[in-house]
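Asker: give me a model of this one.
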Amino acid sequence: MKRIILLAAAVLIACGAVAQTNETYPSYVQVTGRAEREIEPDEFYLAVTINERDSKGKISIEQQQRGMVAALKKLGIDVAAQLKVSDLSSALFKRNMSVVTARYELRLGSAAEVVAVGQALNALGISEIVIERVSHSRIRELQEEVRVEAIRNARQKAAMLAEAIGQKVGRCFLIYDPSRDESFSYFYYYDNSHKVRGAAFADADYEAEALPLDFKAIRLEYSVQTKFVLE
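Answerer: Residues are numbered from 1 along each chain as shown. Prediction:
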């Protein structure tokens, strides 16, 4: 019963809001503006896992870590800024309790770097490399640009519809922005979570120009609801 009362109250409030809008602006047009853009990623995030099983216990985690860092620096990677530890584990409980598994997140700036790093780490016996995601260094700025394009698109739509009936659009009295909670759920990354292991980078002739990894563009999409006065 309480639920029915609440529902009825919500309906009355909504009806009141519509009536007030109709009274204030008896003639208006409601449109949804949309915008989209595709951008090439310039940030590639790799998950690199080092464990002693790769070397059958012959090379310690510490040795592999030093080798990885040296290889990355040789490739011009800023290790301090681009490499971070994501997990350390001693799950096998060796007698000395030394770390037997280490996981890292590595941020790279191009597909060519992904290939070069993959080859270098594979040569060291580090075979577990996962491309977790891609992004863009200006992603927030680009999102805002798409939002602006969407509201401009709404204005254009409203003007076109008004012209078709011999009227003009006036002021916009409602903008419903679904991103106001800062969730940014309106942009999407394509699935780039390829697992790249061992043989993928074993060939020294493996070139970025012939990269089989499906690095698709990042697609930004946005829509905004608006209401414009008709004059």
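Asker: can you classify the residue nearest to residue 47 when sequence neighbours are not counted by secondary structure?
Answerer: Spatially, and ignoring its direct neighbours in sequence, residue 47 is nearest to residue 130 (4.4 Å; C-beta to C-beta, 6 or more residues apart in numbering). (C-beta placed from N, C-alpha, C; glycine too.) Three-state call for residue 130 (DSSP: H, G, I helix; E, B strand; the rest coil): strand.
Asker: any idea how far residue 130 lies from residue 86?
Answerer: Between residue 130 and residue 86 the distance is 11 Å, computed by C-beta to C-beta, to the nearest Å.
Asker: what do those two both touch?
Answerer: Counting by C-beta atoms under 8 Å, 6 or more residues apart in numbering, the shared contacts of residue 130 and residue 86 are residue 47.
Asker: higher neighbour count, the two?
Answerer: Taking other C-beta atoms under 10 Å, residue 130 and residue 86 do not tie; residue 130 has more neighbours (16 against 13).
Asker: for that one, give me the pLDDT.
Answerer: Residue 130 carries a pLDDT value of 86.
Asker: thought it was touching residue 46?
Answerer: Yes. With contacts counted by C-beta atoms under 8 Å, residue 130 reaches residue 46, the gap being 6.8 Å.
Asker: tell me where the longest helix sits in this structure.
Answerer: Across the chain, the helix with the greatest residue count (assigned by DSSP state H) is helix 139-164.
Asker: so for that one, what gets flagged as buried?
Answerer: Across helix 139-164, burial judged by 16 or more other C-beta atoms under 10 Å covers 139, 142-143, 146-147, 149-151, 153-154, 157-159, 161-162.
Asker: so where does residue 70 fall, helix or strand?
Answerer: helix 61-74 (DSSP states H and E).
Asker: what's that helix packed up against?
Answerer: strand 43-51, helix 79-82, strand 101-108, helix 111-123 (3 or more C-beta pairs under 8 Å, 6 or more residues apart in numbering; DSSP states H and E).
Asker: list the buried residues for that helix?
Answerer: Residues of helix 61-74 classed as buried: 61, 64, 65, 67, 68, 71, 72 (neighbour count, 16+ other C-beta under 10 Å).
Asker: OK, contacts around the fifth one?
Answerer: For residue 68, the contact set (C-beta under 8 Å, 6+ apart) comprises 48, 50, 104, 121, 124, 126.
Asker: show the buried residues in those residues.
Answerer: Neighbour counting with 16+ other C-beta under 10 Å marks 48, 50, 104, 121, 124, 126 as buried within the contacts of residue 68.
Asker: quick one: contacts for the closest residue to the third one other than its chain neighbours?
Answerer: In other words, residue 104. Setting aside the residues directly before and after it, residue 104 is nearest to residue 48 in space (C-beta to C-beta, 6+ apart), at 4.6 Å. Counting by C-beta under 8 Å, 6+ apart, residue 48 touches 68, 103, 104, 105, 106, 121, 126, 128, 129.
Asker: right, I'll leave it there.
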